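1. Build me a model from this:
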Amino acid sequence: MTAQPRVLQRSLAEEPRFDCRNAYVDTLAELARTDHRIVGVVNDSVGSSKLDAFKKAFPDRLINVGIAEQDMVGVAAGLANGGRIPFVSAASCFLTARAMEQIKADVAYSDRNVKLCGMSPGVAYGELGPTHHSIEDVAWLRAIDNLVIVVPADPVETAAALRWAAAMEGPVFIRVSRMSVPQIYPEDYTFQPGKAVTVREGDDVTLISNGTVLWRALVAAEHLAAEGIEARVLSMPTVKPLDVEAVLAAAAQTRGIVTAEESTAAGGLGGAVAETVVQHHPARMRILGVPEFAPTGPAGFLLDHYGMSPEGLAEAARTLLG
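-> Got it, this is the predicted structure:
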């Protein structure tokens, strides 16, 4: 799918930044006003999920189970079994690690209509260190059958993905970014599951990204264009199912692929892309992500540290063309 980002008069790096949690809570309230089945389930994370206004507006539709993530997911599965549409909101590091068995058995295997929302994922809690970094969540969940995995890139895509998730029947995991990002998509953007979005055309090299790193990939493409290198930028909001057709087109039509994500470099978006090209159309690749227990530090610093600054991404693309 080809979609144009907003028409900008300056570099995306200079645009205002937004916390996607605001789009999350506004959209959840919008959905709840029109559908009485929508409920929230949290693990004592009302504040960090920015759900205070939702709690005030719908006091009987926000269930706080306390610091008990396994119970939280089990309660959500029970609510879904009773006809509700639960949106589970919790820090992604705790939601996915502590409640993995419940996500697997109670939600995915049982095919319950539960929407798992991993708040503040990746290295958003940078200063709290590796215990609070959620770099493994996408890789862990990719191994579970019957679970759609969505990593939105900006507030517009976050809202669009939530509306889609509420309307579809089945289990979904959506990352909701805490790290501020510029708006990439126009307000009329429509999320299509399993489809990549070509946000910049190019035939020399391909950058595939999602979440908080996508805007960095677009700025990297600006840098490369100034050197006469035309980089195709693919947004891959759905890591599972992956848009295999878009990946293979990039492998065939450009001279290499760079993947970049606010996630582990093993088993996430980069792993999904690599598995696809190695089986169907081998291509040169660079996989950028977090390769280890990251040090403690601000989230932006950590992304830069692991080569995901705009210049770091541009340099990774240059190495494929050299």
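
2. can you give me the strands in the stretch 1-150 of the chain?
-> Along the stretch 1-150 of the chain, the stretches classed as strands by DSSP state E, counting those that start in this stretch are 17-18, 38-42, 62-64, 85-91, 115-119, 148-150.

3. Next, the contact list for the closest residue to L207 other than its chain neighbours, please.
-> Among residues not flanking L207 along the chain, A217 sits closest, at 4.3 Å (CB to CB, 6 or more residues apart in numbering). Placement of C-beta: from N, CA and C, glycine included. Counting by CB atoms under 8 Å, 6 or more residues apart in numbering, A217 makes contact with L207, I208, S209, V233, A260, P310, L313.

4. Give the buried residues for the helix or strand harbouring A217.
-> According to DSSP states H and E, A217 maps onto helix 214-225. Buried residues in helix 214-225, counted by 16 or more other CB atoms under 10 Å: L214, W215, R216, A217, L218, V219, A220, A221, E222, H223, L224.

5. could I get it in PDB with only the CA atoms?
-> What follows is helix 214-225 as a C-alpha-only set of coordinates in PDB (Å, rounded to 0.1, in the frame of the first residue of the first chain):
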ATOM      1  CA  LEU A 214       9.900   5.300  11.600                       C
ATOM      2  CA  TRP A 215      10.300   9.000  11.600                       C
ATOM      3  CA  ARG A 216      14.000   8.600  12.100                       C
ATOM      4  CA  ALA A 217      14.100   6.400   9.000                       C
ATOM      5  CA  LEU A 218      12.300   9.100   7.000                       C
ATOM      6  CA  VAL A 219      14.900  11.700   8.100                       C
ATOM      7  CA  ALA A 220      17.600   9.300   7.200                       C
ATOM      8  CA  ALA A 221      16.100   9.100   3.700                       C
ATOM      9  CA  GLU A 222      16.200  12.900   3.600                       C
ATOM     10  CA  HIS A 223      20.000  12.800   4.300                       C
ATOM     11  CA  LEU A 224      20.500  10.100   1.700                       C
ATOM     12  CA  ALA A 225      18.600  12.000  -0.900                       C
END
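
6. Can you name the element that comes right after that helix?
-> strand 231-235.

7. Now find how far off-centre that following strand is within its chain.
-> 16 Å (CA atoms, centre = their mean, to the nearest Å).

8. Show residues contacting it.
-> 153, 184, 196-210, 214, 217-218, 220-221, 224-225, 246-247, 250, 253-254, 317.

9. Okay, and which of those residues map to helices?
-> Under the assignment DSSP state H, the contacts of strand 231-235 contribute L214, A217, L218, A220, A221, L224, A225, A246, V247, A250, Q253, A317 to helices.

10. Cool, thanks, signing off.
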